[in-house]
Each structure stands twice: as structure tokens, then as C-alpha cells.
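**Student:** Everything below, folded, please.
(2 chains)
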Amino acid sequence: MSTAMAVVAAEDGLDLAVPAASVHLERPASREHGDWSTNVAMVTAKKAGTNPRALATSVVGVLERDLPDHVASVEVAGPGFVNFRLDDGWLHDALAAVLDQGEEGYARPDIGHGEKVQVEFISANPTGPIHVGNGWWGSYGDALARVLARSGHVVSREYYVNDTGGQIRTLGTSLLARHRGEEVPEGGYRGEYVTELAADYDGPDDVAVAGRWAAARILDRIKATLDSVGIVFDEWYSQASIEESGAVDETIALLDAKGLIFEEDGKTWFRSTELGDTRDRVLRKENGDATYLAGDLAYHRDKFLVRGFDRVIDVFGADHHGQVASLMAGVEALGVEPGRLEVKLGQMVSLVDGGEAVKMGKRAGNAIDLDTVINDIGPDATRILSLMSTLDQAATFDLATVREQSVENPVFYVQMANARIAGVGRKAVERGISRTPLAAVDLSLLTHPRELELLRCLEELPEVVADAAVDRAPTKVTTWVRRLASCFHGFYHDCPILADDVDPAVAQARLWLVEAARIGLAIGLGLLGVSAPEAM
RNA sequence: GCCCCUGUAGCUCAGCGGAUAGAGCGUCGCCCUCCGGAGGCGAAAGCGCAGGUUCGAGUCCUGCCAGGGGCACCA
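**Tutor:** Numbering: from 1, shown residues only, chains lettered A, B, ... in the order given. This is a model prediction of the structure:
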């Protein structure tokens, strides 16, 4: 780390000499190009009136007068890159840092500086079982929250419960029909769960009461399902409570004060076209009921203006795309700076099973039930699969590849690395070998390419966490975890740790390297919400 | 018609504007007197099409083609 800082300082020195805008210090894709590389010469050559290679050459000349710690050489390459080659010592220092900071302290880049951010996700209506799309986007939201929390943000996870309105009435109607042994009316909920619930219902023959009763039951089941994949919330926020509190009227009044409200056809309208929406929106219908948007605006007013979140990230399914423009317009109208509300849209997910499309379940009615998938492939596979592709990708997944513990199972590959790490620990105990204190271990004995590769991977984790947070892309953690597992398997294959003919000093250094790998895996899997079993 | 997302290897997906585009599966080879071969090593194979910006484009911009999702006083 201190080495990296020294290199950055060298780069800063250059910034003073040459005005530069987009100077990067980065890890080259190919190791032949060194450990670090900067494009400073290419970016600045034009303004400096020279060519990149010539500038790079003089830069290297300056640097070579006094090389920073751990820098073995600096050279010009390609179109004008300045490449730094480091000695292995910087990796040994990095290893010591991982071990020193441990699972709690390592890879906690403070990019949030305590920013209060709310992540709202899933928020599926309690009118039926949660489906796979919710599980996929939910895994994203949960992992994003974890990544943000690890990178210096104060995070709150929230589920907005749509426990009022027309859909709940429809649920009540459907439940009562089944309760009487009748068919569900057109447009109602026909899934088997309604029949199951109806059998237990012993309340009054009242649509509103029946609807609330059923919604509460269904919400309990949703919670149980999410709990089984480790998705938890800090807050379950009731839509009914917003409407009952008078917040909707207050919000409309706020908009009215800005001249954005008008009455027409007996309805109350929001002039959202003033703020980029495609048409104006109704907030209160002729019968006096608030629309969904009215409630949603009151809800977002509560998030920003009452509870004081600096930033709110809403994770919706792509089928809610149509809501975004009016929500954004409304939030801006309420005086919230654009940018403090981010909406992430998760594209649709489809499942196949050995090439055959998975059919929608009878139980859920019109979608693939998340519970069924979790029971099939397990919570860990459900989560890691969800986090292997980006939110923007309309992904297709094959359940057959992850159903059993098999070679082609990506979850298994990663967890196997952890099991092997634990196995090394068990074997060490068996052989009566224990780790000597780190201070007495010579980490510089780690020189095998496999060892160095593993160290490089571990050293990148803080940067990966930071990137994942900034880009709102927890999949970057998934990619890293798989790479770490790959590096570990390679190391494990080629570098015996406890074999009889291994120098005890080397064995000690390797044991500590294994411990660092354990720390890295634990952090990475923890961010993904995937368990790290010690045996398979 | 308008808006959003996507098009990367036979398949499923990764790829902060950088150098030779990666992984898993599938296909074809190789490695067990070794700590768990549930591993490792290697080969063949790819950026939808056409322009543009840039020293440099899979990545940014425009157009076209193809697929998915939206366009409510429902959520």
C-alpha cells in the first residue's frame, strides 16, 4: 500500500509539470506490461507539443533518478505507457496488511464518508408469492446494500409494502370467492395459494377485512422466503400508514405551493410535464382516492425531507419502467436535487432446466415462484447466480447446472476453495502444526508464481469493493470471488503446504497466505450473502 | 409511434476509453508414488451492421437491424 502511495506521489509530481485531466494509474491487463501503468504521457503529449513516447522517455528518466520503494524498474512501452515493475516485496507488504486488518478491517474503502443512503428493493405487492425476478433483483439490492455499508455509507434497506388500494381489494374479493367455494371473478388472483388461505379464513364477509387479512398472511410468507436466502430489511414501510397519516395531502399542498397542481374533471392533477414527464398525472381521483403516484411521492418526500436520507436508490423491475419519469419529476418538484434519487431497473429473468423453459407454477398463479427455485438449487446458488450477471442484462439461467454438487456448478467451485482452506486447517491440527506468530514468519519466502498471483488478487479487493460501490455493481465482487477461488485452486495444486518435504519456514509463510485467502473469501462471500462452508 | 435495456466463443455470462477481449459449460488433448482430481495445464472458437469522436473504441455519440420490457385515474 505504501508503495502504491509512493507511485501515486510520483504521478502527482508529474501533474505539476504537465497539465493533465484524465491521468490514470492502472493495473495492466497483461503482466508483461508490469505491475502498474500510467497513461500520463499519452494524455498530455498533445498539449505539451511533443509525442507520447518522447515525453514518456523523459518522464522515465526523471523517475529513475530516485525510484520509490519496491519499484524495480520503470519503462516506456507501447504507444507511450509508463510501466512500473515492482519487486515482490510490495505483495508481501500487502499480505501483512490483509492479515493485520483481518476480516473486519480489510477492504473497507471509505468512499461514502458516512453518507446516509437508503436502498429500497423488492417491494413486491403482498398479493401473492414472491417470484424469481424479485429474488434476482432482491439479491442485487441486498448485495448492493452490503457493498455500500462496507465502503463507508450508512445504509438502510427498505421494503415498501403496498398494503392498500385496488389490488388488496381484489385479493379480498378473490379470497372470499374461494372461501365460498366459488370461482375467482375475472381479473382476480387465481393462484392455489388463494384457495389455501381461504380454507383458513374465518373472518367476516367483508372485502377490505379479508384483503388485509390475506395480505398480512402473504407478507409473512414473503418474509420467510427472503429470510431463507439471507435477504433482510431494516424497515418494512406500510403504504397504508402513509395515506392514513395525511402525508399525501401535505405533499399535494407542497406541490400546489409551487404552482404544479391543477383541478380538472373533478380530479387533482400534477403538472409533471413541467419537469420532463411525457404527460400530466392524476394524484387524486374523482372519488377522492389517492393514486399510487400520490402515495409514492408522499413516501419519497418522507425519505428525503422527513427521514433525511442523503441518497435513495430504488431497485425496480423493468416492468415498472413507466413509473420512473413521473416519480423523478415529483421528487424534483419537492425540492430534492436531481441525482439524490437513483432508480435501478432490473431486467427480466428467465429460467431453463436442462434446456427446457421452466413453466410458471400453478401455486404462484402467473410467475415462477421463488420458493420453488430456492428449494431446488439452494439459497447459495440462488444468490450467486443472481449476482453473476448485471442488472441490465435480461439473463437466462439453467437450473440444471447448479442443482447438484457438480463440476459445472460455479457456486461449488467457489465454496470448494473455502472448504479446502478449512481442510488445510484441519490437516495442520492433525499433524500438530500451528501457525507461528506473524512477526516471526518470513513472508518473503513466497515467491512461487502461484503464490504471487494469489497475493495480487487479494491486494485488489479494496479496489474491487470501491468500484462495486461507485458503479452500484455488486457483480464485480462476484467476478473477483471467482477469480480468487481460481487463484487459490492453482496455488493449492502447485504449492504443497504441509507435505513432509516442505521447508517449515515456507510452510509457515504458506499457512499465513492461506489465512489471508480465507479472509478475502469470507469478505467477498459475505458481501454476496453466500455462505462459506468449511466442508462440502 | 415514443421511452428504457440488451446484442461479446457452439451455450450462459464477465469485461473503470487503453496494450494480445476473459470465465464456466460444451468439444479435443495432457497431468493422480501429491495436502481432498469435487482439482490443475493446454488447444480450437467471438465483440450484430455502418458511420463518427479520440493518440487509442467491445466500452462514448448517431443511424440501421434483431430481441426483451414499458407507454393508466393498476401497482
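**Student:** mind listing the strands for the stretch 51-200 of chain A?
**Tutor:** Taking DSSP state E, counting those that start in this stretch to define them, one finds strands in the stretch 51-200 of chain A at A:71-77, A:81-86, A:116-121, A:154-161.
**Student:** Include mean neighbour count when you put those into JSON lines, please.
**Tutor:** (C-beta placed from N, C-alpha, C; glycine too.) Output for the strands of the stretch 51-200 of chain A, formatted as JSON lines (neighbours: other CB atoms under 10 Å):
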{"stretch": "strand A:71-77", "mean neighbour count": "18"}
{"stretch": "strand A:81-86", "mean neighbour count": "22"}
{"stretch": "strand A:116-121", "mean neighbour count": "23"}
{"stretch": "strand A:154-161", "mean neighbour count": "21"}
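**Student:** okay, the ones you listed in TSV with distance to RNA strand B and mean pLDDT next?
**Tutor:** As requested, those are exported to TSV (distance: least, CB to the nearest atom of the strand, whole Å; pLDDT from 0 to 100):
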stretch	distance to RNA strand B	mean pLDDT
strand A:71-77	4	88
strand A:81-86	3	88
strand A:116-121	13	97
strand A:154-161	8	97
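**Student:** now A:M348, nearest residue through space, not along the chain?
**Tutor:** Nearest residue to A:M348, sequence neighbours excluded (CB to CB, 6 or more residues apart in numbering): A:A394, at 5.1 Å.
**Student:** residues in contact with the one you found?
**Tutor:** Neighbouring residues of A:A394 by CB atoms under 8 Å, 6 or more residues apart in numbering: A:A318, A:Q347, A:M348, A:V349, A:S350.
**Student:** Help me confirm that the third one is found in a helix?
**Tutor:** Read that as A:M348. No: A:M348 is assigned coil when assessed by DSSP: H, G, I helix; E, B strand; the rest coil, not a helix.
**Student:** Would you convert the strands of the stretch 51-200 of chain A into a markdown table that also reports distance to A:D494?
**Tutor:** Shown next, in a markdown table, are the strands of the stretch 51-200 of chain A (distance: least, CB to CB, whole Å):
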| stretch | distance to A:D494 |
| --- | --- |
| strand A:71-77 | 24 |
| strand A:81-86 | 22 |
| strand A:116-121 | 42 |
| strand A:154-161 | 40 |
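**Student:** picking up where we left off before, who wins on neighbours among the contacts of A:A394?
**Tutor:** When neighbours are counted by other CB atoms under 10 Å, A:V349 leads the contacts of A:A394 with 22 neighbours.
**Student:** how about low-confidence regions in chain A?
**Tutor:** By pLDDT under 70, the weakly predicted segments of chain A are A:1-22, A:47-49, A:362-366, A:404-408.
**Student:** Enumerate the residues of the stretch 301-450 of chain A near RNA strand B.
**Tutor:** By CB under 7 Å from any atom of the strand, the residues of the stretch 301-450 of chain A that approach RNA strand B are A:318-323, A:345, A:347-348, A:388-390, A:392-398, A:401, A:405, A:407-408, A:410, A:412-413, A:416, A:419-420, A:423-424, A:427.
**Student:** Out of those, list just those in helices.
**Tutor:** Members of those lying in helices (criterion: DSSP state H): A:321-323, A:401, A:410, A:412-413, A:416, A:419-420, A:423-424, A:427.
**Student:** ok, so of the contacts of A:A394, who is nearest A:A505?
**Tutor:** A:V349 (51.0 Å; CB to CB).
**Student:** which ones are touching the closest one?
**Tutor:** By CB under 8 Å, 6+ apart, the neighbours of A:V349 are A:V132, A:G133, A:W136, A:A394, A:A395, A:T396, A:F397.
**Student:** among these, which ones are buried?
**Tutor:** For the contacts of A:V349, a burial check counting by 16 or more other CB atoms under 10 Å picks out A:V132, A:G133, A:W136, A:A395, A:F397.
**Student:** thinking the third one is in contact with A:M348, fair?
**Tutor:** No: using CB atoms under 8 Å, A:W136 is not in contact with A:M348; the gap is 9.1 Å.
**Student:** Whichever strand or helix holds A:A215 and RNA strand B, are they touching?
**Tutor:** Assigned by DSSP states H and E, A:A215 falls within helix A:207-228. No: shown here: helix A:207-228 not in contact with RNA strand B (CB under 7 Å from any atom of the strand), separated by at least 11.1 Å.
**Student:** can you tell me if the helix or strand that that helix is followed by touches RNA strand B.
**Tutor:** Using DSSP H and E, the next helix or strand after helix A:207-228 towards the C-terminus is strand A:235-238. No: counting by CB under 7 Å from any atom of the strand, no contacts exist between strand A:235-238 and RNA strand B, the nearest distance being 11.5 Å.
**Student:** If you count neighbours, what's buried in strand A:235-238?
**Tutor:** For strand A:235-238, by 16+ other CB under 10 Å, it's A:Y237, A:S238.
**Student:** try stretch A:500-512
**Tutor:** Residues of stretch A:500-512 classed as buried: A:V506, A:A507, A:Q508, A:A509, A:R510, A:L511, A:W512 (neighbour count, 16+ other CB under 10 Å).
**Student:** for stretch A:168-181, same thing?
**Tutor:** In stretch A:168-181, counting by 16+ other CB under 10 Å, buried: A:I168, A:T170, A:L171, A:G172, A:T173, A:S174, A:L175, A:L176, A:A177, A:R178, A:H179.
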